[in-house]
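Student: Any chance you can model this:
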Amino acid sequence: MKTELHPASSRGTADYGWLKANYSFSFSNYHNPARIHFGALRVLNDDFIEGGMGFGKHPHENMEIVTIPLKGAIAHEDSTGTKGVVNAGDVQIMSAGSGIFHSEKNASQTEPLQLFQVWIMPKLKDINPRYGQKSYLPSDFKNQWKTVVSPLGTDIDSLQVNQDTYFNVSHLDASKSLNYDLHGDKQGVFIMVIEGEISVVDQSLGRRDAMGISETTSISIQAKEDSQVLLIEVPMVW
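Tutor: Numbering: from 1, shown residues only. The predicted model follows:
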């Protein structure tokens, strides 16, 4: 088993006033040659956006983009004709493929927005752009892994993207344990503690700490207190 510890304090940071960002991997003006990607996982940004602010229309191509609002809501519009609001409790995907333009802004003029934006390098290039959005209840995550994103063509009730990646969320009660079996020996997992504290591979991870784990077929985590966890499984080669 191979592990990579990513303490929250080691992330890159940026403060633009209206946007405060934490970067798990090199992004924008933050460059760390030791933190370019974890397998096909290229970006995991932890963003705080002030009311009424956001990103105007801009392009993406050949990237699988997953957005998870943690607090507040996103006003979204893109060149596929999709326009709407993505609330906390929702998950949004965009397969940028051959090219897509979109804007994402805080849907509230007064309340802050907190979100994770995750980029996954695609399996196939130049596919037709796709958009998806799905809502979840807190009970969906209670003391279990809930798969919210999976590969195209799987029979899992989730959003689907153009890569062999699985996004899983769990809300664990204190002292609860969960196992996770990977989908093959060329896969790895990146675990981010959203809130709380867990133990994994004899290591304690607190709020926004993360760990990349590869060269194994299964892992086990235990909640040391009530915790929310994001587990992203990705190919280590693609």
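Student: alpha carbons only for contacts and neighbour counts from here, please
Tutor: Fine.
Student: hey, what's Pro151 bridged with?
Tutor: According to DSSP bridges, the partner residues bridging Pro151 are Val161.
Student: does it really touch Ser158, like I thought?
Tutor: No. Pro151 is not in contact with Ser158 according to CA atoms under 8 Å; the separation is 9.3 Å.
Student: Phe190 contacts Gly212, correct?
Tutor: Yes. Using CA under 8 Å, Phe190 makes contact with Gly212 at a distance of 4.3 Å.
Student: State the mean pLDDT of stretch 206-219.
Tutor: In this model, stretch 206-219 has an average pLDDT of 98.
Student: May I see the buried residues of that stretch?
Tutor: Taking 16 or more other CA atoms under 10 Å as the basis for neighbour counts, the residues of stretch 206-219 that come out buried are 206-214, 216-219.
Student: what's across from the residue positioned nearest the centre of the chain in the sheet?
Tutor: Against the mean C-alpha coordinate of the chain, by CA atoms, centre = their mean, the closest residue is Val118 at 4.3 Å. Here Val118 sits in beta bridges with Leu44, Val66, as judged by DSSP bridges.
Student: circling back: what's the most distant pair in the buried residues of stretch 206-219?
Tutor: Arg207 and Thr217 (25.4 Å; CA to CA).
Student: Check for me that Ile127 belongs to a strand.
Tutor: No. The secondary structure assignment for Ile127 gives coil rather than a strand, going by DSSP: H, G, I helix; E, B strand; the rest coil.
Student: so it sits right up against Gly97, yeah?
Tutor: Yes. Taking contact to mean CA under 8 Å, the distance of 4.6 Å between Ile127 and Gly97 places them in contact.
Student: Compare the two and say which one has the larger neighbour count.
Tutor: In terms of neighbours (other CA atoms under 10 Å), Gly97 is the more surrounded of Ile127 and Gly97; the figures are 20 against 16.
Student: confidence score at the more buried one?
Tutor: Looking at Gly97, its pLDDT stands at 96.
Student: go on, Lys83?
Tutor: What the model reports for Lys83 is a pLDDT of 93.
Student: Could you give the bridge partners of it?
Tutor: Beta bridges link Lys83 to Glu77, judged by DSSP bridges.
Student: oh, and call the first residue 890 from now on, that's how I've got it
Tutor: Noted, 890 is the first residue going forward, which turns the last one into Lys972.
Student: does it really touch Ser992, like I thought?
Tutor: No. Under the criterion of CA under 8 Å, Lys972 makes no contact with Ser992, lying 9.6 Å away.
Student: ok, the two, which is more surrounded?
Tutor: Neighbours were counted for Lys972 and for Ser992 using other CA under 10 Å; Ser992 has more, 17 against 13.
Student: so that one makes contact with Phe944?
Tutor: Yes. Using CA under 8 Å, Ser992 is in contact with Phe944, at 5.7 Å.
Student: re earlier: and for Phe1079 and Gly1101, which residues touch both?
Tutor: Here Phe1079 and Gly1101 share the contacting residues Phe927, scored by CA atoms under 8 Å, 6 or more residues apart in numbering.
Student: thinking again about what came up before, which neighbours do Lys972 and Ser992 share?
Tutor: By CA under 8 Å, 6+ apart, Lys972 and Ser992 have these common neighbours: 964-966.
Student: which one of the residues you listed sits closest to Met1125?
Tutor: Where these are concerned, and distances follow CA to CA, Met1125 has its nearest neighbour in His965, at 31.0 Å.
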